[in-house]
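>>> predicted coordinates and the sequence they were generated for:
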Amino acid sequence: MDEAFVRLAHGNGGRLMRELIETVFAEALGNDFLDLRADAARLPAVAGELFLTTDGFTVEPLEFPGGDIGSLAVHGTVNDLAVAGARPLWLSLDVFLEEGLAREQLVRIVRSLAGAAREAGVAVVAGDTKVVPRGKGGGLYLATTGVGVRAAAQPLSLAGVRPGDRLLVSGPVGDHGTAVMLARGEFGLRGGVVSDAASVLPLAEALWSMAGLRFMRDPTRGGLAQVAHEIARGVGATVRLKQAAIPVRPGVAAVCEMLGYDPLYLACEGRVVAVVDPALAQTALAAWRALPQGREAALIGFVEEGPAWVVVETEFGGERLLEELEDDPLPRIC
């Protein structure tokens, strides 16, 4: 029997499933809390306010320049906790395999996932595995739940944002969406764009202790534009962005110009948008620029009194309304 590919029997609860879990998942993800003999992980009590997040990942292709669905799942979950002001501690992992997935590719992805977890200082403590028939899935889907404990000096919320506050972004936008789009080969284009997929924990840590930090978000689906709209709606005020200040890599800009995309709507997987008190803006910017991941951080706009919409000041001195995302320009991007 050829065991080079995933079979339906790998999800039947029997010997093949046990061997797959032991030799692929437990071998890569093993830690003091992961017990294959138990139905739930036993975790130590922690002092402080707990945070919980959950997410699903369906990216196509499964591996792309700068990352893969495994590392993306860890980064996405860790990042959601970090921008909420929590230090990530533990993850659970649900795996949905499609019959016919190459075992070699699965091993690469799980090892990448394990490496990302170690780098972020989190442990995968529980999980589940299912196998769906050939043609009923995208090769591999992942779902995660993350638990962390509050580390920020004060709660981070849109409720604290007020007119006059400044917006910062930790680096160029649109890298992930463009890298995945090019990796699909649908448009006959090639390029050297690499996904920004990474843990944003160092970026979040750099601001957690600062009084005047109001809110943080990682601009994933819908990109920077969607985060700006979330802020405008949540505050009931206008978000004004300066197009010339928003960092976009030349390769990303070129692809977007050729295909008619706006990089402000493209997903990022290793960036942070922060809203801070105006008196803190330069200090926060300097803190980010001191980090390898934040060297291209920029002050990109502010909140002002007015209708709950997003205005972009163009490089030519004009203004345009940045509409809220309607259609999904790039499905299965994360």
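Perfect, thanks for sending it.

>>> moving C-terminal from the longest helix seen in the chain, which element do we reach first?
When the chain is parsed with DSSP state H, its longest helix is helix 103-120. Using DSSP states H and E, the helix or strand that follows helix 103-120 in sequence is strand 123-132.

>>> residues in contact with Leu142?
Applying CB atoms under 8 Å, 6 or more residues apart in numbering to Leu142 gives the contacts Gly56, Phe57, Ile69, Gly70, Ala73, Leu93, Asp94, Val95, Phe96, Leu113. Bear in mind the C-beta positions are built from the backbone N, C-alpha and C, glycine included.

>>> the fourth one touches Val107, doesn't it?
Pointing back at Gly70 there. No: Gly70 lies out of contact with Val107 (CB atoms under 8 Å); the separation is 10.2 Å.

>>> distance between stretch 6-20 and the chain's centre?
The chain centroid and the centroid of stretch 6-20 are separated by 30 Å under CA atoms, centre = their mean, to the nearest Å.

>>> which residues touch that stretch?
97-103, 106, 129-133.

>>> so of the contacts of Leu142, which ones are in strands?
With DSSP state E as the criterion, strands contain Gly56, Phe57, Leu93, Asp94, Val95, Phe96 from among the contacts of Leu142.

>>> mark which of those are buried, thanks.
Taking 16 or more other CB atoms under 10 Å as the criterion, what is buried in the ones in strands among the contacts of Leu142 is Phe57, Leu93, Asp94, Val95, Phe96.

>>> need those residues in a markdown table (columns: distance to Arg18 and pLDDT).
Shown next, in a markdown table, are those (distance: CB to CB, whole Å; pLDDT from 0 to 100):
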| residue | distance to Arg18 | pLDDT |
| --- | --- | --- |
| Phe57 | 25 | 97 |
| Leu93 | 17 | 97 |
| Asp94 | 17 | 97 |
| Val95 | 14 | 97 |
| Phe96 | 18 | 97 |
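
>>> now do the longest helix of the chain against strand 123-132, angle only.
160 degrees (axes from the mean of the first three to the mean of the last three CA atoms, to 10 degrees).

>>> circling back to that earlier point, of the ones in strands among the contacts of Leu142, closest to Val235?
Gly56 (28.5 Å; CB to CB).

>>> residue contacts, the closest one?
By CB under 8 Å, 6+ apart, the neighbours of Gly56 are Tyr141, Leu142, Ala143, Thr144.

>>> which strand residues sit across from it in the sheet?
Per DSSP bridges, the residues bridged to Gly56 are Ala143.

>>> pLDDT wise, what is it at?
Predicted confidence (pLDDT) at Gly56: the value is 97.

>>> ok, now the one 5 residues further on?
pLDDT, the model's per-residue confidence, is 96 for Pro61.

>>> for Leu330, same thing?
For Leu330, pLDDT reads 72.

>>> excluding sequence neighbours, find me the nearest residue to Leu62.
Ile69 (4.9 Å; CB to CB, 6 or more residues apart in numbering).

>>> how close does the one you found sit to Glu119?
17 Å (CB to CB, to the nearest Å).

>>> do Val125 as well
Taken as CB to CB, the span from Val125 to Glu119 is 17 Å.

>>> pick out whichever of these two has more residues nearby.
Val125 (21 against 15; other CB atoms under 10 Å).

>>> got a pLDDT number for that one?
pLDDT for Val125: 96.

>>> strands along this structure, start to end?
With DSSP E as the criterion, the chain has strands spanning 50-57, 63-64, 67-68, 86-98, 123-132, 140-150, 166-169, 213-217, 238-242, 273-276, 298-304, 310-313, 319-321.

>>> who's in contact with Val132?
Gly11, Phe96, Leu97, Glu98, Glu99.

>>> Ser157: which of those is nearest?
Phe96 (33.4 Å).

>>> is it correct that that closest one is in contact with Gly127?
No: if you go by CB under 8 Å, Phe96 and Gly127 don't touch, sitting 11.4 Å apart.

>>> what about the stretch 201-334 of the chain, any weak spots by pLDDT?
328-329 (pLDDT under 70).

>>> kindly recompute the last result at 80.
326-331 (pLDDT under 80).

>>> now the helices for it?
201-208, 223-235, 250-259, 281-289 (DSSP state H, counting those that start in this stretch).
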